[in-house]
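Participant: Here is my input, please return the structure:
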Amino acid sequence: MELTPRLRLMNWLVHQGLTGLPENDLIRGFCERCCAEGLHLARGMVFIDTLHPIFEGRGFRWNDAETNESDAFEYGSTNEGEAADAWRRSIFYHMLENGHQEMPLELAQGQSYNFKFTGDLLDRGHKHLVAYVHQFGEAGTMGQMDCVYSYWTTRRDEGFGEQGLEALRDLVPVLGLAIKSAAQADITRTLGRVYLGRDTAEQVLRGRITRGVTERINAVLWFSDLRGSTAISESIEPDEIIPFLNDYAQASIDAIHDAGGEVLKLIGDGVLGMFTHENMAKAKRAALRAEHRFRHNMQTVNVRRTTEGRAATSAHVGLHVGEVFYGNIGSDDRLDFTVVGPAVNEVSRIASMCRSVDRELLTSSAFRAGLDAAGRNYLVSTGRYALRGIGQAQDLFTLDPAIAADEVVGGKYERYLAS
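Facilitator: Got it, this is the predicted structure:
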């Protein structure tokens, strides 16, 4: 590849990196443009570690022919099991261990070093391969993301040639920089969703980070906490406490998300969530749908934990509706994007009343009032109560016991939630 098309491709990579083109589109565009300019790529593979609670990193691939391989994939930890063995047998592990930044292989001449994938590549007609390791400086790392790994193959008998290798040496670092930029944007979104919540993260990433910038919204509020968690935590081994809390947090968070809600905060064993919709009746039904799914999730968790001989419990849920302030609260350099207002205090008090009336779910009268007639019929009064710290007593409601006792009524309630 001559200098002019090389510069043209570098400019394209810089432009697409600035516009935020996804990694798999970057790889595809890069490889297709290389081929069009006479650099005969047959396969390109790029890996980059990430900062994610589940995945260690992501990979992207391009082939010059149709395959059943996906163009993007995620991989888990390479510290143990088969993944660790595969990593130690890879060309990249060999390069890191021996301090190589570039490593060519003449596959057609049997130069494979018994790396994991080289035999398969040769069987598919790839004759030559060159691999690169581009490491970041200390200031450029993020978690385990400290390097871009890539390899490139050609089917040409004569290989890439010196001019082709010179082109790759110039181009691949620019591609790596564009991929790193896209990966950091992905990491930022992931961290935002994980630590702030899905909608809240989007609000922050759109620039709403000024202290005191809030909006007044009507929302259905959810507060759940575990029954007897303090006593259970004192009775189990210390290293069992976090898995115990995680299991039940997963049950509630999945239920809220599946119903379209937002998890705002984890408070010990408590979960604060909200549901919003232009039609508040739909938001309330979504909250009931989440509570119903939560019970199924809890049952699954309890069966598993009991089978494993580990502590199990139940949970209380309070549902309320009201006007809240949604936005940034805190100091100039430490903010919390959350909801505040009397309704938030009330929903936590309603959830705490579950213990007193021996019910797993309690809703406020305001929550029940906004439901349609069918929904209101499924909620029955437990009486009128004065909530701690709340000035006025109010009626609280729970699910009609017939929903659990009568299959016909239970089936109707499930259809109501699904409608």
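
Participant: Spatially nearest residue to the most centrally placed residue in the chain, not counting backbone neighbours?
Facilitator: The centre of the chain sits closest to residue 190, judged by Cα atoms, centre = their mean, with a distance of 5.6 Å. Using Cβ to Cβ, 6 or more residues apart in numbering and skipping residues adjacent in sequence, the residue nearest residue 190 is residue 52, 5.5 Å away. (Glycine included, C-beta is placed from N, CA and C.)

Participant: and if you look at residue 241?
Facilitator: The shortest distance from residue 241 to any non-neighbouring residue, by Cβ to Cβ, 6+ apart, is to residue 233 (5.1 Å).

Participant: now do residue 265
Facilitator: In this structure, residue 265 finds its nearest non-sequential neighbour in residue 272, 4.4 Å apart by Cβ to Cβ, 6+ apart.

Participant: hang on, isn't the residue nearest to residue 190 packed against residue 187?
Facilitator: Yes. Here residue 52 lies in contact with residue 187, judged by Cβ atoms under 8 Å, at a distance of 7.5 Å.

Participant: For those two, indicate the residue with more neighbours.
Facilitator: The neighbour comparison of residue 52 against residue 187 (other Cβ atoms under 10 Å) goes to residue 52, with 19 against 16.

Participant: Return the distance of stretch 131-148 from the chain's centre.
Facilitator: Chain-centre distance of stretch 131-148: 22 Å, with Cα atoms, centre = their mean, to the nearest Å.

Participant: Please spell out which residues along that stretch are buried.
Facilitator: Using 16 or more other Cβ atoms under 10 Å as the test for burial, stretch 131-148 gives 131-134, 142, 145, 147-148.

Participant: ditto for stretch 47-63
Facilitator: Here stretch 47-63 shows 47-52, 56-63 as buried, counting by 16+ other Cβ under 10 Å.

Participant: same deal with stretch 243-257?
Facilitator: Within stretch 243-257, judged by 16+ other Cβ under 10 Å, the buried ones are 244-245, 247-249, 251-253, 255-257.

Participant: Residues in contact with it: which ones?
Facilitator: Residues from elsewhere that reach stretch 243-257 (Cβ atoms under 8 Å, 6 or more residues apart in numbering): 198, 222, 224, 226, 229, 232-233, 236, 262-263, 266, 268-269, 271, 273, 290-291, 293-294, 297-298, 300-301, 305, 310-311, 313, 315.

Participant: Which members of the buried residues of stretch 47-63 occur in strands, if any?
Facilitator: Counting by DSSP state E, those place 47-49, 57-63 in strands.

Participant: now those as TSV including distance to residue 115 and pLDDT?
Facilitator: Listed next are these as TSV, based on distance: Cβ to Cβ, whole Å; pLDDT from 0 to 100:
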residue	distance to residue 115	pLDDT
47	14	94
48	19	94
49	19	91
57	18	91
58	21	93
59	16	94
60	19	96
61	16	96
62	20	96
63	19	95
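
Participant: Which two among those residues are spaced furthest apart?
Facilitator: With Cβ to Cβ as the measure, no two of these lie farther apart than 49 and 63, at 23.1 Å.

Participant: separation between the residue nearest to residue 190 and residue 191?
Facilitator: Taking Cβ to Cβ, to the nearest Å as the measure, residue 52 falls 9 Å from residue 191.

Participant: now swap in residue 398 and tell me
Facilitator: 38 Å.

Participant: With residue 410 instead?
Facilitator: Per Cβ to Cβ, residue 410 is found 40 Å from residue 191.

Participant: And residue 127, by the same measure?
Facilitator: If you measure residue 127 against residue 191 using Cβ to Cβ, the figure is 42 Å.

Participant: Neighbour count for the two, which is higher?
Facilitator: Neighbours per residue, other Cβ under 10 Å: of residue 127 and residue 191, the larger number sits with residue 127, 20 against 16.

Participant: contacting residues around that one?
Facilitator: 106-108, 153-157, 159.

Participant: of those residues, buried ones?
Facilitator: 107, 153-155, 159.

Participant: pLDDT score for residue 122?
Facilitator: In this model, residue 122 is scored at 89, pLDDT.

Participant: cool, the one 10 residues further on as well?
Facilitator: pLDDT for residue 132: 97.

Participant: Understood, closing this out.
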